[in-house]
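Enquirer: Sequence and computational prediction follow.
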Amino acid sequence: MRSTWLILALIVLGVALHKGVIEIPRHWSPWAPLHVDDPITPITSLKLRRLENDRDGCLAALESVPDDTLRYSPLADYTPVENCPLENVVRLEASGVAFNQSFVASCPLALAWVMFERHALQPSAETILGTRVRQVDHVGSFACRNVYGRESGRRSEHATAEALDVTGFRLANGERITLLEDWGNNGPAGAFLRDIRDDACDFFGNTLGPDYNAAHADHFHFGMRGFRLCR
């Protein structure tokens, strides 16, 4: 009897949604387009994943940035290095922050970065450090190689421009924070780095840093593969 009532309730709910009697907020609707400033929900990761093979949808989401701080160029699919073709990629030149150099990224990676920056990075900097991040220093996104540069094994996320390695942050007040020098810091700089590492899990498939292994002692690896791996 209980299962019958449940089925009837689901049918009624489905009809109500279809007829528009009940409207799901955009940030909770799996079918609604992704907007960068929508509140973050468990559905956000699902939407980001769906854009991997949806160039138009991903670019439309980037265009939802409400100000003129985002500078990027969509790129045609190309193969910069043999055996490492790049698809659905953009060149990100600046967002709300400057970069030490522009970089090529899969469109979902660029979108995840912009959302992470707006929802987590800058709010954390303002709360913990009392200032904003002015520039992000990184050591690249694309490298045609296997994981850890091994001769055999699976391809790195960098081989498809699906990961960005960030080494530090330059603040609006002139200070600089680096993973190598400040990760173990018990003061605000260390707290800031640990806070954004935890928050990054809402946007990237994997976030790897100094707690993961020695190879990541000096940088955060923000990658799109996996689901909420944060170390």
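Expert: Yep, it's here. Residues are numbered from 1 along each chain as shown.
Enquirer: from here on, contacts and neighbour counts on C-alpha atoms
Expert: Will do.
Enquirer: low-scoring stretches of the chain, by residue?
Expert: Along the chain, the model assigns pLDDT under 70 to residues 1-22, 149, 151-153.
Enquirer: Quick one: the strands in it, in order.
Expert: 71-75, 78-81, 84-86, 89-94, 98-106, 133-138, 163-171, 176-178, 206-208, 220-223, 229-230 (DSSP state E).
Enquirer: Check the ones you listed for me and report the most buried one.
Expert: strand 220-223 (a mean of 25; mean count of other C-alpha atoms under 10 Å).
Enquirer: Just checking: what are the partner strands of that one?
Expert: Paired strands of strand 220-223, with direction, are strand 163-171 (antiparallel), strand 206-208 (antiparallel) (DSSP bridges).
Enquirer: one step back: would you list the strands of the chain in CSV and tack on distance to residue 60?
Expert: Output for the strands of the chain, formatted as CSV (distance: least, C-alpha to C-alpha, whole Å):
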stretch, distance to residue 60
strand 71-75, 11
strand 78-81, 21
strand 84-86, 20
strand 89-94, 13
strand 98-106, 14
strand 133-138, 24
strand 163-171, 21
strand 176-178, 33
strand 206-208, 24
strand 220-223, 21
strand 229-230, 27
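Enquirer: Between those strands, which one is closest to residue 124.
Expert: Comparing these by their distance to residue 124 (C-alpha to C-alpha), the top pick is strand 133-138, with 9.6 Å.
Enquirer: Domain map for the protein?
Expert: 1-32, 34-230 (automatic domain parsing).
Enquirer: Give me whichever of these is most buried.
Expert: Greatest average neighbour count among these goes to domain 34-230 (a mean of 18), per mean count of other C-alpha under 10 Å.
Enquirer: How much space separates the spatially closest residue to residue 94 that is not a sequence neighbour from residue 62?
Expert: Of all residues not flanking residue 94 in the chain, residue 71 sits nearest, at 5.1 Å (C-alpha to C-alpha, 6 or more residues apart in numbering). From residue 71 across to residue 62, the span is 10 Å (C-alpha to C-alpha, to the nearest Å).
Enquirer: same check, this time on residue 229
Expert: Distance from residue 229 to residue 62, counting by C-alpha to C-alpha: 24 Å.
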